[in-house]
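Q: Fold the stuff below for me.
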Amino acid sequence: MQPNLSHHERLASIALGSLAFVNGFSRRSSIPHHLQKAAGMAMIVRGLTGYCPLYRALHRRPLHAPHAIERSIIIDRPIEDLRSMLDEGDPMLHESSRKIFPITAGYLLWNLELEPIGDGLMTHVRARLSDQNESLEIKTYLSRQVIRSLADQELQRIKQLLDEKRPASHSS
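A: Predicted coordinates for the structure are as follows:
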């Protein structure tokens, strides 16, 4: 059983399940109250395990799953140029070996992973939707296709910025 609930869904399941379970004890014993306790316990188990069989039957995964959305783009720039641009603004973060950079594009947080291609004049950029976009799932249940479309638009903007922006030239 692989977890298929977001963190917020798990918390909500535990809270609502606990309320239903406790409420089932607060009245005299009857079949509806026993059912309420059972439903409450099922919600608690759902929250604790992070697994929902109904979601599995519907092939639904949380939007924040790290493997949910990943895109790749090729930037016609050496990896050092991209590292320099992405580290710009925070000299404390600058590391010549750093490969993963968190960035915000539009309203989505991405993790960019850089890898040189061939002779090093181009860079493969793998962009993964960050786990920290969980609030997106709470705000709206947009279809994955809509999210992927938005992701493609944002990555094209990132590509334009990285292809066009030139680091300050170093004079020798």
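
Q: okay, now residue 57: neighbour count?
A: Per other C-beta atoms under 10 Å, the neighbour tally for residue 57 reads 8. Where you see a C-beta, it was placed from the backbone N, CA and C, and this is true even at glycine.

Q: Can you give me the pLDDT of it?
A: Listed pLDDT for residue 57 reads 82.

Q: what's the distance between it and residue 16?
A: According to C-beta to C-beta, to the nearest Å, residue 57 and residue 16 sit 21 Å apart.

Q: What of residue 53?
A: Residue 53 sits at a distance of 17 Å from residue 16 (criterion: C-beta to C-beta).

Q: okay, those two: which has more neighbours?
A: For residue 53 versus residue 16, the count of surrounding residues by other C-beta under 10 Å is larger for residue 16: 16 against 11.

Q: What helices and strands are in contact with the helix or strand hosting the more buried one?
A: Residue 16 belongs to helix 7-25 when assigned by DSSP states H and E. Judged by 3 or more C-beta pairs under 8 Å, 6 or more residues apart in numbering; DSSP states H and E, the packing partners of helix 7-25 are helix 31-49, helix 134-139.

Q: Give me the sheet partners of the longest strand seen in the chain and which way each runs.
A: Ordering each strand of the chain by length in residues (DSSP state E) puts strand 108-117 first. Strand pairing for strand 108-117, determined by DSSP bridges: strand 100-105 (antiparallel), strand 122-129 (antiparallel).
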